[in-house]
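> The following block contains a protein sequence and its predicted model.
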Number of protein chains: 2
Amino acid sequence: MKVIPKERGIYSFSRNHAPVERVGLGELVMLETEDAVGGQVRSEDTPLESINWTRVNKATGPIYVEGVESGDTLIVDILDIELAPQGVILVVPGAGALGDMEYKPRVRMARIEDGFVVFRDVRLPVRPVIGTIGVAPEDGSIPTAVPYRHGGNLDCMEVTRGARLYLPVYVDGALFAAGDLHAVQEDGELCVASVEVEGRILLRFGVVKGRRAQWPIVEGPDHFSILVSDEDLDRAVRIAAEEAVKAIMRARNWGFEDAYMLSSLCVKIAVNQVVDPKKGVRAIIPKTIVSLKDLLSSA
Amino acid sequence: MKVIPKERGIYSFSRNHAPVERVGLGELVMLETEDAVGGQVRSEDTPLESINWTRVNKATGPIYVEGVESGDTLIVDILDIELAPQGVILVVPGAGALGDMEYKPRVRMARIEDGFVVFRDVRLPVRPVIGTIGVAPEDGSIPTAVPYRHGGNLDCMEVTRGARLYLPVYVDGALFAAGDLHAVQEDGELCVASVEVEGRILLRFGVVKGRRAQWPIVEGPDHFSILVSDEDLDRAVRIAAEEAVKAIMRARNWGFEDAYMLSSLCVKIAVNQVVDPKKGVRAIIPKTIVSLKDLLSSA
């Protein structure tokens, strides 16, 4: 098994980064990852002014996946996520869903023990999330803090242990990277941070040849979720709805009108996060209605 | 038990409507309700041009609830929902999440049998929703098609059998009305309609004296949901997030910063619908974090 140390990371997704490792399809890979603030906060006394904000949101990689070419879809099986016993959460004026309110910067440490996250006197079950996960985008360089078609800072709680993620491939080898683990987060990620924690991710790659996803897709036991990011929630929902309705049209060989009707009844629009440079939603579609091939056909 | 026939209905919520019935706290009440298109569509051949659009979205009522005064919160226990065996769904160009696309008006009938909704060859489990439910608003007259602080066209799938709804009371007696049943709908209600169906709603009213909710609240077994409607999703989420964080501050006697952090970890932002004159979201908060009194305190 190849292990990629957390020092081998990137702060943007781009085809111009040299891969730090090459792995084959089906091979086990372990990524060690920094927390989202680059391990710079180890106590609640850490002044936020001391943080070097150019050293945050690091993703470990990029990995060149053998046998994967531009135009394919990369399959990422998230086999396991291990978390360090302590994480950090912070609020910064101007950031998050309520960034326009008056408040002070603050840092809190949270313990992770016996399957629970402990924030002050509140205990919440651990539900680990890979916040940032993606590949080199079609064009240019996209900071790791931004979610988009290539993945990136998806901050979607479905990207968890046991999930399968599909990502569009724009360059040979995909140039995959991931990091920014959360010990727990809810849909919205309202304050801009979750319990940000170091850890390790155990992955295995696969490929769908010759069909490229339009957006990241998460597969759970009973559903597929199409993850769409855009400037505001309304625009993101508009795009996600169209992707879902087109998949239903293909799946059932129906016209637009019937697929649009059915979408009201069985496509759940959910929120990933409302706090990143692009906001993220997902359209959740039951497997009884669509299959993978309906989702991967081009528009 | 008092039964309110479906003919006794309103097309707007307003303090100026005379009540059609008076009921006491704890008394069982049965509302018969029209479907959202006023029973005007009974077959797929019905031309949409034949529909009188001033006779849609009727809510049965209003009911004067004895013992409920302005400044209180009305409790509505949804004890049962019965559905007719056939519903209707339709798409109209210009309406819904994809109303800007090119398509034709279309009507489909859907059977409701053996606990399933049958739409063409797709069978979905029935999950009944009361689409429109509310009280006289603080000011003026609000069409029943609009959701806002007084309730109205909430189109929230949590407003279902077994749920408890809390509504702010602005006039003595509340002037409650409800209708617009859906046999099944998903978060988003993308095409603008669900399976619209006639039926009956069995309710019982209660009251919280002297505290008025800011927005409708749904209580489920393990959580409360604050239902917020506004012009776009981003604004609605902004308001819902603030309501949730303030409730956490009261519940735990914490400052804003800590409550804001915790909201990232345990407040789920979900979508009610994206297709009504105001869009609707909800902030879902576990009962382990807040109690009813934290939600009903004024801001």
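The structure has been received and is ready for your questions.
> ranges for the strands of the stretch 1-150 of chain A?
Along the stretch 1-150 of chain A, the segments classed as strands by DSSP state E, counting those that start in this stretch run A:2-4, A:9-10, A:12-14, A:21-23, A:28-33, A:59-65, A:73-83, A:86-91, A:106-113, A:116-119, A:122-125, A:129-134, A:141-143, A:147-148.
> So which of the ones you listed is nearest residue B:292?
Residue B:292 lies closest to strand A:122-125 among those, at 18.7 Å (CB to CB). Heads up, the C-betas are built off the backbone N, CA and C, glycines and all.
> Sheet-wise, list the partners of the closest one with their directions.
Pairing partners of strand A:122-125, with direction, according to DSSP bridges: strand A:116-119 (antiparallel).
> re the thing from before, determine which of the strands of the stretch 1-150 of chain A approaches residue B:285 most closely.
strand A:122-125 (12.2 Å).
> For chain B, see how far away residue A:77 is.
Counting by CB to the nearest CB, to the nearest Å, the gap from residue A:77 to chain B is 26 Å.
> one step back: give me whichever of the strands of the stretch 1-150 of chain A is most buried.
Across those, averaging neighbours per residue (mean count of other CB atoms under 10 Å in any protein chain shown) puts strand A:129-134 on top, at a mean of 28.
> which residues are contacting it?
Residues lying outside strand A:129-134 but in contact with it, judged by CB atoms under 8 Å, 6 or more residues apart in numbering or on different chains, are A:13, A:36, A:57, A:59, A:76, A:78, A:81, A:144-145, A:150-157, A:159-160, A:165, A:167, A:176-182, A:184-185, A:194, A:201, A:216.
> Check what pLDDT residue A:298 gets.
Here the pLDDT value assigned to residue A:298 is 60.
> for the stretch 151-299 of chain A, what spans make up the strands?
Taking DSSP E, counting those that start in this stretch to define them, one finds strands in the stretch 151-299 of chain A at A:151-152, A:164-168, A:176-182, A:196-197, A:199-208, A:217-219, A:223-230, A:268-273, A:279-286.
> Who are the packing partners of the last one?
Secondary-structure packing of strand A:279-286 (3 or more CB pairs under 8 Å, 6 or more residues apart in numbering or on different chains; DSSP states H and E): strand A:223-230, helix A:233-252, strand A:268-273.
> okay if I get the ones you listed as TSV plus mean neighbour count and distance to residue A:133?
As requested, those are exported to TSV (neighbours: other CB atoms under 10 Å in any protein chain shown; distance: least, CB to CB, whole Å):
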stretch	mean neighbour count	distance to residue A:133
strand A:223-230	25	10
helix A:233-252	23	18
strand A:268-273	26	12
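> Turn these into JSON lines, columns for distance to residue A:103 and mean pLDDT.
Conversion of these to JSON lines gives the following (distance: least, CB to CB, whole Å; pLDDT from 0 to 100):
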{"stretch": "strand A:223-230", "distance to residue A:103": "27", "mean pLDDT": "98"}
{"stretch": "helix A:233-252", "distance to residue A:103": "23", "mean pLDDT": "98"}
{"stretch": "strand A:268-273", "distance to residue A:103": "20", "mean pLDDT": "98"}
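> got CSV for these, with distance to residue A:47 too?
What follows is these, written out as CSV (distance: least, CB to CB, whole Å):
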stretch, distance to residue A:47
strand A:223-230, 32
helix A:233-252, 34
strand A:268-273, 26
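> Relative to residue A:94, which of the ones you listed is closest?
Taking CB to CB as the criterion, strand A:268-273 is the member of these that comes nearest to residue A:94, at 16.5 Å.
> Please name every helix or strand in contact with that closest one.
Using 3+ CB pairs under 8 Å, 6+ apart, the elements in contact with strand A:268-273 are strand A:223-230, helix A:233-252, strand A:279-286, strand B:268-273.
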